Each structure stands twice: as C-alpha cells, then as structure tokens.
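Q: take this sequence and fold it.
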Amino acid sequence: MACLKKAQLLFFRDPLSRFIWQYVFPLQFALGLLGNSLNLWVLASDEVPNIASDMLAAVSFCDLAFLLVMLPHCLAAFDTIAYDVSFRYFYLNTKQHMSAVANWMSAAAIWLILAVSIERYLIVRSPLRAKLYWQRGKMVVVLSSIFVTTGLLTVYHHFEWDCVIEEFCNGTQLLDFCYYSGMRHQKTYRNKDWVTPSNVKKVYLRFSTFLNAILVVFVPIVLVILLNVLMIRQLKINWTSPRLESMRGAMTRSQVRQRQRVTVTVISIGLCFSLTQGPSAFMALYELFSEYELGHTFYAIFSITNSLVVTGKTINFILFCLSSEHFRQKCFKAIYRKFPK
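A: The predicted structure follows:
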C-alpha cells in the first residue's frame, strides 16, 4: 500500500485552526479546569443552599465535562501526537462521539443558565420566594429532565457523519474519510459504490440540525437577554415601590444584599453566555442551508466561533469573582480550610 506524506496525516492543516488548538485552547483549558473546579467546589459547599447555587454548580459540571472531551482535539493538533498510530486509532474512532458529548454538555449548560435566569427573575419579582428551597426529589427531576432533553436534541451528532478508517503504508498510517450521512455518498475511499440514505434519515438529520440551532442556542439566547433586561428593570423599581414595603421589612439587610449579589452574578453569566454562544448558532444554520458544501473561509470562521464558545466555558469563574464579593470570600475560606498554613 502507498504511503502518505506527513502533511496528509495532519488533522488540522489551516494555520488558524492549528494556532487556536496549539496555543489558545491549552490556556483556555487550564483556566477553565481550575476555575470550574473551584466553582463546583465552592457552590456545592454553600452553607445556605439555594436553587441558583445548585444550577450554577451543574453549569460548572457541564463546562468541566465539555473541556475534558475537547482535550483530545487539542492533542491531535500537535504533529508528534498526530503521527502516533495508537493515538490515531483512538482518536479516529472516538472524535465524532467526543464532539457529540461536547455538544450535549454545551446544550445542557445553556438550558441550565436559562433555568437559573428564570428562577432569579421570579425572585426579583417576588422577593419572598427566595426563602423557598426545592426538595431533593424536585431538584433531581429538574436537572435530569434538562440533561435527558438536551441529550435527545443532540444525539444525532453521534451518527451525523459516516466515517471509514483506511490503512496505508502497510498499516502504519491511518486516515479516515467522512461523508455527511444525510446525503448520497460513496461507501469508502477505495470502494466507489454509492450509499443513498433513506428519506427518514435525511429528514431526521436536517430537522435535528435545525431544531438544535433553534432550541439549543437561538431561543435560549433571546430568552436570557429578555430576562436580563427584565431583571435589571425590576431591580430598579423594587425598592421604590410602596407595594414592597412590607417585604423589605420582612427581610434583613444581609438577605437583601445576598439576593442582589446572586442576581448580578446570574445577569453577568447570562450576558456572557449570549455573546459567546450566539455566533455558533449562525454557523450551524449556515452549515445546514449550504448543503454541507463548505470552503476554507467557513472552517476558519467556525474555528473562531468554537474558540469563542470555549472562552465562555472558561470565564465563568472570573465573572463569579468580579460580580460577587460573597463568592470571593467563600472561595478564599474554602481554600484556606483545605490548605491551612
């Protein structure tokens, strides 16, 4: 069997994608892993549990899982690793499924941010709701429903592409050939027979791609932006409304400050989420309506929007620290208890 050139074995050939995976993502990964681990640790150990903390802890878990399954893509960008036969066998067999899990975790985090935005808005509207805390059974049902629903919305990513691994150079070189499974394509690189997908499969893949772009990104972004605007507006009028006099009297100053801190944090995360996730939805729709006939410009822009999504997963810890003095204090206390002098 003929041997391939080194350049043909590269997983990322365009300079922009290689730069992002080799230099930008490692920094994002390190900061995101540390930041989300601290988020999860601090929020899960909150002395006074509340619904927002539980959901934000779940967001940190999703972001951690997202970063971990993206790590093999980063490793594949380095030539020494990319040429290794064992790594290629593992990566070529799992990369589509790792991307599917990453999409699932991203979708779950988006819906969780929407859910916590709704919860905060209800509290801003009716401050006494903050005294309510959901039972463990209800928490499990809500979180499980979000993960199951987003899993069903993104499951098509596992079989969106038909990929076949071919051996070259007497089995010392591996390369995959992938074809969009919703379109007619040849069976393998060497086998020129054609595979024609069923109408059901074609409709399912196109509908799933469209539904994913709408329900996983567009609708949540619009709702989060709307809820943030409503929360800011409501915060301005809350303490000038005579109707809320009795409520203000029923709450201590610390309770009021705590509620405002949590709301500001949620608004910050929601706005950041909207800015970092939005462009990827446009790319998904463009990919759908272009019939998957894409050029180098698309993949360059796609690399940038993907990096923007990863940035959103990375900076939640920074947003927590900047927007919440209470979170900073809890973080320092938790670290001090774990690593005393």
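
Q: can we go C-alpha only for contacts and neighbour counts from here?
A: Will do.

Q: who touches stretch 214-229?
A: Stretch 214-229 has contacts (C-alpha atoms under 8 Å, 6 or more residues apart in numbering) with 107, 110-111, 113-114, 117-118, 121, 150, 267, 270-271, 273-274, 277-278, 281.

Q: please redo it, this time with the cut-off set to 7 Å
A: For stretch 214-229, the surrounding residues in contact (C-alpha atoms under 7 Å, 6 or more residues apart in numbering) are 107, 110-111, 114, 117-118, 121, 267, 270-271, 274, 277-278, 281.

Q: now swap in stretch 171-183 and tell me
A: So stretch 171-183 is contacted by 9, 85, 88, 92, 160-168, 185, 189, 196-197, 201-202, 205 (C-alpha under 7 Å, 6+ apart).

Q: for residue 53, state which of the contacts of stretch 214-229 is nearest.
A: Set against residue 53, the nearest of the contacts of stretch 214-229 by C-alpha to C-alpha is residue 117 (11.9 Å).

Q: can you give me the neighbour number for the closest one?
A: 26 (other C-alpha atoms under 10 Å).

Q: about what we covered before: now the buried members of the contacts of stretch 214-229.
A: The neighbour-count test (16 or more other C-alpha atoms under 10 Å) marks 107, 110-111, 114, 117-118, 121, 267, 270, 274, 277-278, 281 as buried among the contacts of stretch 214-229.

Q: strands - which of the contacts of stretch 171-183 land there?
A: Of the positions in those, 161, 162, 163, 164, 165, 166, 167, 168, 185 sit in strands, assigned by DSSP state E.

Q: which of those residues are buried?
A: Burial by neighbour count, 16+ other C-alpha under 10 Å: within the ones in strands among the contacts of stretch 171-183 this picks out 161, 162, 163, 165, 185.

Q: what is the nearest of those to residue 3?
A: Nearest to residue 3, judged by C-alpha to C-alpha, of those is residue 165 at 14.9 Å.

Q: could you measure from the closest one over to residue 194?
A: According to C-alpha to C-alpha, to the nearest Å, residue 165 stands 17 Å off from residue 194.

Q: how about residue 282?
A: Using C-alpha to C-alpha, one obtains 31 Å as the distance from residue 282 to residue 194.

Q: go on, residue 296?
A: 26 Å.

Q: just residue 85 next, same as before
A: Residue 85 sits 29 Å away from residue 194, going by C-alpha to C-alpha.

Q: doesn't residue 300 lie inside a strand?
A: No: assessed by DSSP: H, G, I helix; E, B strand; the rest coil, residue 300 does not belong to a strand; its assignment is helix.

Q: so what's it up against?
A: By C-alpha under 7 Å, 6+ apart, the contact set of residue 300 is 16, 17.

Q: still on that earlier bit, just flag the most distant two among the contacts of stretch 214-229.
A: Among the contacts of stretch 214-229, the pair separated by the greatest distance (C-alpha to C-alpha) is 121 and 281, at 25.2 Å.

Q: nearest residue to the middle of the chain?
A: Centroid check for the chain by C-alpha atoms, centre = their mean gives residue 106 as the closest residue, at 2.4 Å.

Q: now do the contacts for that residue.
A: So residue 106 contacts 62, 66 (C-alpha under 7 Å, 6+ apart).

Q: what strand or helix carries it?
A: In the assignment (DSSP states H and E), residue 106 maps to helix 85-125.

Q: ok now that helix, how far from the chain's centre?
A: 4 Å (C-alpha atoms, centre = their mean, to the nearest Å).

Q: how about stretch 7-19?
A: Between the centre of stretch 7-19 and the centre of its chain there are 24 Å (C-alpha atoms, centre = their mean).

Q: strands of this protein, start to end?
A: Taking DSSP E as the test, the strands found in the chain are 161-168, 173-180, 185-186, 194-195.

Q: comparing these, which yields the minimum mean pLDDT?
A: Of all these, the minimum mean pLDDT falls on strand 185-186 (a mean of 82).

Q: might you list the low-confidence residue ranges for the stretch 1-150 of the chain?
A: Applying pLDDT under 70 to the stretch 1-150 of the chain flags the ranges 1, 46-49, 127-134, 136.

Q: please, where are all the helices along it?
A: 15-19, 25-44, 51-75, 79-82, 85-125, 136-154 (DSSP state H, counting those that start in this stretch).

Q: now these in JSON lines, with distance to residue 335?
A: Putting the helices of the stretch 1-150 of the chain into JSON lines (distance: least, C-alpha to C-alpha, whole Å) gives the following:
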{"stretch": "helix 15-19", "distance to residue 335": "34"}
{"stretch": "helix 25-44", "distance to residue 335": "9"}
{"stretch": "helix 51-75", "distance to residue 335": "17"}
{"stretch": "helix 79-82", "distance to residue 335": "36"}
{"stretch": "helix 85-125", "distance to residue 335": "26"}
{"stretch": "helix 136-154", "distance to residue 335": "27"}
